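1. Let me see the structure of the following:
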Amino acid sequence: MKDLRAWLHDLPLIGILRGITPAEADAALDALEGAGWRVVEVPLNSPDALATLKRMVARAGDRLLIGAGTVLTTDEVAAIADAGAGLMVAPNCSPAVIHAAKARGMWAAPGVATPTEAFAALGAGADALKMFPGESLPPPIVKAWRAVMPTGTLLLPVGGVKPDNIAAYLKAGADGFGIGTSVYRPGMGPGDIAAAASELAARYRDAARILGA
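-> Numbers count the residues shown, from 1 in each chain. As a prediction, this is how the structure comes out:
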């Protein structure tokens, strides 16, 4: 079984589809996969999120990693595990939620905004750190965290990541990104999603090539 780093190896971008509906699930997933994305998140505050999650898990098979976001309670962990999610993403750091996700065999990426939260999340078994909100954690903060986090810690800024700042975050030490409105907003058609996903993938690859990442 792949670990989370392996899922992110070729293109470390996580598509956050906040607001997506079950009817849009298949086309949106196909658009992202066609652009090379391999990790997709369905936030639980989307309409009928568990139904969307189940549809995506069924469609993705073993080609993609499908996760759930905005997971706040252990009951929600159980629900997403039953729906087939392989990744749990949260906006906050709850050791109980992290433990529950790991107990159900999921990768855990809790949200952290300070080094104290980051170390608490790692101590609870987190597989990656969702640096959130990214607007408040710009590249200089990523660089400072990278200097003190354990070697190999996955740092994934989320929020405010756009084509024009990907290179700065990578240079500072980010491992990848969660990307929401830059790749999907409610009402976007599959063609628009594919175009946005392709542009972001190209900008990431250009930056990685220049930086030798």
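2. how about the helices in the chain?
-> Secondary structure of the chain (DSSP state H): helices located at 4-7, 22-34, 49-60, 74-83, 95-103, 115-123, 139-148, 166-172, 190-211.
3. Can you get me a residue count around the spatially closest residue to Gly123 that is not a sequence neighbour?
-> What sits nearest to Gly123 in space, not counting adjacent residues and going by Cβ to Cβ, 6 or more residues apart in numbering, is Pro95, at 7.8 Å. Bear in mind the C-beta positions are built from the backbone N, C-alpha and C, glycine included. If you count neighbours by other Cβ atoms under 10 Å, Pro95 ends up with 14.
4. show me what contacts Pro95?
-> Shown in contact with Pro95 (Cβ atoms under 8 Å, 6 or more residues apart in numbering): Ala120, Ala121, Gly123, Ala124.
5. Out of those residues, grab the one that's most surrounded.
-> That'd be Ala121 among the contacts of Pro95, by other Cβ under 10 Å, with 26 neighbours.
6. about what we covered before: redo the helices of the chain as a markdown table? Include distance to Ala109.
-> Shown next, in a markdown table, are the helices of the chain (distance: least, Cβ to Cβ, whole Å):
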| stretch | distance to Ala109 |
| --- | --- |
| helix 4-7 | 8 |
| helix 22-34 | 18 |
| helix 49-60 | 16 |
| helix 74-83 | 13 |
| helix 95-103 | 9 |
| helix 115-123 | 9 |
| helix 139-148 | 15 |
| helix 166-172 | 16 |
| helix 190-211 | 18 |
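7. Quick one: closest of those to Ile179.
-> Ranking the helices of the chain by proximity to Ile179 (Cβ to Cβ) places helix 190-211 first, at 6.2 Å.
8. which secondary structure elements does the closest one contact?
-> Other elements packing on helix 190-211 under the criterion 3 or more Cβ pairs under 8 Å, 6 or more residues apart in numbering; DSSP states H and E are strand 13-16, helix 22-34, helix 166-172.
9. if we go to 6 Å?
-> Helices and strands touching helix 190-211, by 3 or more Cβ pairs under 6 Å, 6 or more residues apart in numbering; DSSP states H and E, are helix 22-34, helix 166-172.
10. May I see these organised as JSON lines, with mean pLDDT added?
-> Shown next, in JSON lines, are these (pLDDT from 0 to 100):
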{"stretch": "helix 22-34", "mean pLDDT": "98"}
{"stretch": "helix 166-172", "mean pLDDT": "96"}
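11. right, so of the ones you listed, which gets closest to Pro12?
-> Across the helices and strands packed on helix 190-211, closest to Pro12 is helix 166-172 (Cβ to Cβ), at 9.4 Å.
12. Go ahead and name everything in contact with that closest one.
-> Applying Cβ atoms under 6 Å, 6 or more residues apart in numbering, the external contacts of helix 166-172 come out as Pro139, Val142, Lys143, Pro157, Arg203, Tyr204, Ala207, Leu211, Ala213.
13. Now do the buried residues in that helix.
-> Under the neighbour-count criterion of 16 or more other Cβ atoms under 10 Å, helix 166-172 has Ile166, Ala167, Tyr169, Leu170, Ala172 buried.
14. rewinding a little: select, out of the helices and strands packed on helix 190-211, the one closest to Ala101.
-> Proximity to Ala101 (Cβ to Cβ) singles out helix 22-34 among these, at 22.0 Å.
15. what comes up buried for that closest one?
-> Using 16+ other Cβ under 10 Å as the test for burial, helix 22-34 gives Pro22, Glu24, Ala25, Ala28, Leu29, Ala31, Leu32, Glu33.
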